[in-house]
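A.B. asks: here's a sequence, model it:
(chains A and B, ligands or ions: 1)
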Amino acid sequence: MSTLVKIKIDEKEYEVPRGRYLLAICQENGIPIPTLCHHESVEPWGGCRLCVVEFRKKRWDSWWTELATACLYPAEDGLCVWTRSEKVMKARRTILDLLLARCPGSEVITKIAAEHGVYQTSFAKREGEDNCILCGLCTRVCDRVGARAIATALRGALKEVSTPFGEPPPDCLGCLSCAHVCPTHTIGHTEADGKRTVWGRTFELVRCSGCGAASVTREQVEYAVRTKNLSPEYFVKCDACKRRESAATFAGLLFDERKGGEGPVGPTGSGPSHE
Amino acid sequence: MKTPDLTKLDTILERHEAAERSLIQVLQDVQKEYRYLPREAFEKVGRHCGVSVARVYSTATFYKAFSLVPQGEKLVRVCAGTACHVRGAGLLLDELERALSLEPGKTSPDGKITLKTVNCVGACAMAPCVMIDGEAHGNVKPGEVVTLVKGGRRDAAAD
Ligand code: FES
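C.D. replies: Numbering: from 1, shown residues only, chains lettered A, B, ... in the order given. This next block holds a predicted model:
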């Protein structure tokens, strides 16, 4: 058991495990914190800076207040945090102003910015059609999935998320996790006629032998069979069909047992006695 | 581009621990050997260091010391850091661009020489500074830079 410490968020006391990240604490307690680069499936990263909060801490013999990203700041005893102070809101507005300059076309950013009172950017707008904010969430999730097909390339103003050599990525599984977690929905992908295209590579989808629905790529199946110790049989039918089948099996079992008079199963019968 | 001879790659990899932290050193050695990072080497380097090809590409494009296209036999880097800039690095660069008919960042068609700028070589006291194949030359004057680059000796008086 980790030790509990007392912290204060927005003048309210909380008792939380030491070292737990502030963002997690806020989320558990319904305190809204805007985030873009955070996802529960990967370690916090601190890429977007939107989750800044102000905290007061005793350093040596005096009190200081500073800004820190909530997603990366661990709770410690006596910590005092403000999530919507003047300083915090000012920092968030600047961040949103910059993000808006980077991707003026992004609905998500425009919406969050407007919520913070930023209606247009005061910086020069970036040219370019993508809405990438370089938070790196897609690359982290891709690493987590195990495909490790994309990473950031170049640096500074030219930095971008890229596949090796900007070509269709050989390691990609076509699982679309990257597109799914992207906070600005900027990773383009298409799906038609049993084919899926993402990062410039086209994948063939495996059809369910039951209903014919196509939902996973051949590469995903092969990867799962190779690394997750699953049998290829597992992917012959889609999840929906598998559920339907097992529901039917259970219904059949229920029916059989009742008919067999072995003592009915389920809430309607008197059931095997526990007395 | 013809495929490079990758036999030397194994000797390079043998010298380095098979760990992620060796990645940059491996790439440096590869760059030294081939004067660029051949893309054919990426997979092997990645496998040796336990990182993805995407990560190798990411690292290779991040650092200016690495290049994905073959560099000239001679590498001339004009420092364009603040100190060198105010002490006339621009003039040196103009002079070289004219004499070699090369833009910064480009390699001559015969593959003999590459001209580059760098942001600071850390030798501000001897600004303006030109690095020729890893050797630093300080207090370079526009009048002597071409001779220097062509391998000639600079005026003793200039030092
Ligand atoms: S969520 Fe904390 S920096 Fe992005």
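A.B. asks: assumed B:Leu115 was part of a strand.
C.D. replies: Yes. Applying DSSP: H, G, I helix; E, B strand; the rest coil, one finds B:Leu115 inside a strand.
A.B. asks: if it is in a bridge, with which residues?
C.D. replies: B:Leu115 has these beta-bridge partners by DSSP bridges: B:Val76.
A.B. asks: so how many other residues sit close to it?
C.D. replies: Around B:Leu115 there are 24 other residues, counting by other Cβ atoms under 10 Å in any protein chain shown. All C-beta spots, glycine's among them, are computed from the backbone N, C-alpha and C.
A.B. asks: check A:Gly252 too.
C.D. replies: Using other Cβ under 10 Å, A:Gly252 is surrounded by 10 other residues.
A.B. asks: quick check: residues of chain B near chain A?
C.D. replies: Contact residues, chain B versus chain A (Cβ under 8 Å from any Cβ of the partner chain): B:Arg39, B:Phe42, B:Val51, B:Ser52, B:Val53, B:Ala54, B:Arg55, B:Val56, B:Tyr57, B:Ser58, B:Thr61, B:Phe62.
A.B. asks: the ligand next: which of those are close?
C.D. replies: Taking Cβ under 6 Å from any ligand atom as the test, the ligand is in contact with none of those.
A.B. asks: could I get the residues you listed as a markdown table with pLDDT and neighbour count?
C.D. replies: Below are the residues of chain B next to chain A laid out as a markdown table (pLDDT from 0 to 100; neighbours: other Cβ atoms under 10 Å in any protein chain shown):
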| residue | pLDDT | neighbour count |
| --- | --- | --- |
| B:Arg39 | 90 | 18 |
| B:Phe42 | 93 | 22 |
| B:Val51 | 94 | 19 |
| B:Ser52 | 94 | 25 |
| B:Val53 | 95 | 23 |
| B:Ala54 | 95 | 29 |
| B:Arg55 | 95 | 22 |
| B:Val56 | 96 | 25 |
| B:Tyr57 | 96 | 25 |
| B:Ser58 | 96 | 22 |
| B:Thr61 | 95 | 24 |
| B:Phe62 | 95 | 17 |
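A.B. asks: need the pLDDT of A:Gly210.
C.D. replies: Listed pLDDT for A:Gly210 reads 83.
A.B. asks: which strand or helix spans the residue of chain B found nearest the ligand?
C.D. replies: Closest residue of chain B to the ligand, Cβ to the nearest ligand atom: B:Ser58 (20.2 Å). Assessed by DSSP states H and E, B:Ser58 sits inside helix B:53-62.
A.B. asks: other residues contacting that helix?
C.D. replies: For helix B:53-62, contacts defined as Cβ atoms under 8 Å, 6 or more residues apart in numbering or on different chains pick out A:139, A:148-155, A:162-165, A:169-171, B:23-24, B:27, B:37, B:42-43, B:45-46, B:49, B:66, B:68.
A.B. asks: get me the contact residues on chain A for chain B.
C.D. replies: Residues of chain A found near chain B (Cβ under 8 Å from any Cβ) are A:139, A:143, A:148-155, A:162-165, A:169-171.
A.B. asks: ok, back up a step: do you know how far the residue of chain B closest to the ligand is from B:Glu97?
C.D. replies: Applying Cβ to Cβ, to the nearest Å, the value for B:Ser58 to B:Glu97 is 31 Å.
A.B. asks: surely B:Met126 and B:Asn139 touch.
C.D. replies: Yes. If you go by Cβ atoms under 8 Å, B:Met126 and B:Asn139 touch, sitting 5.6 Å apart.
A.B. asks: give the contact list for B:Leu91.
C.D. replies: Shown in contact with B:Leu91 (Cβ under 8 Å, 6+ apart): B:Pro142.
A.B. asks: check which helix or strand it maps to.
C.D. replies: Here B:Leu91 sits within helix B:89-100, counting by DSSP H and E.
A.B. asks: check A:Leu205 too.
C.D. replies: A:Leu205 belongs to strand A:201-207 when assigned by DSSP H and E.
A.B. asks: likewise A:Ser215?
C.D. replies: A:Ser215 is part of strand A:214-217 when elements are defined by DSSP H and E.
A.B. asks: for chain A, which helix is longest?
C.D. replies: Ordering each helix of chain A by length in residues (DSSP state H) puts helix A:239-260 first.
A.B. asks: mean confidence (pLDDT) on that one, please.
C.D. replies: The average pLDDT within helix A:239-260 is 80.
A.B. asks: for chain B, give me the ranges with low pLDDT.
C.D. replies: Along chain B, segments meeting pLDDT under 70 span B:1-2, B:154-159.
A.B. asks: which parts of it are strands?
C.D. replies: Ranges of strands in chain B, per DSSP state E, are B:74-79, B:113-118, B:130-132, B:135-137.
A.B. asks: ok, residues contacting the first one?
C.D. replies: Read that as strand B:74-79. So strand B:74-79 is contacted by B:84, B:89, B:92-93, B:96, B:104, B:112-121, B:123, B:127-134, B:149 (Cβ under 8 Å, 6+ apart).
A.B. asks: go on, stretch B:95-106?
C.D. replies: Contacts of stretch B:95-106 (Cβ under 8 Å, 6+ apart): B:76, B:78, B:93, B:108, B:113-117, B:142, B:145-146, B:149.
A.B. asks: alpha carbons of it, in CSV - could you do that?
C.D. replies: Listed in CSV are the C-alpha atoms of stretch B:95-106, where the atom choice follows Å, rounded to 0.1, in the frame of the first residue of the first chain:
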residue,chain,number,x,y,z
GLU,B,95,33.2,33.2,-51.1
LEU,B,96,33.0,29.5,-50.9
GLU,B,97,29.7,29.3,-52.7
ARG,B,98,31.1,31.2,-55.5
ALA,B,99,34.4,29.4,-55.8
LEU,B,100,32.9,25.9,-55.5
SER,B,101,29.6,26.7,-57.2
LEU,B,102,27.9,25.0,-54.4
GLU,B,103,24.9,25.9,-52.2
PRO,B,104,25.3,25.2,-48.5
GLY,B,105,24.1,21.7,-47.7
LYS,B,106,25.0,20.4,-51.2
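A.B. asks: buried stuff in that stretch?
C.D. replies: Residues of stretch B:95-106 classed as buried: B:Glu95, B:Leu96, B:Leu100, B:Leu102, B:Pro104, B:Lys106 (neighbour count, 16 or more other Cβ atoms under 10 Å in any protein chain shown).
A.B. asks: one more: stretch A:152-163?
C.D. replies: A:Thr152, A:Ala153, A:Lys159, A:Val161, A:Ser162, A:Thr163.
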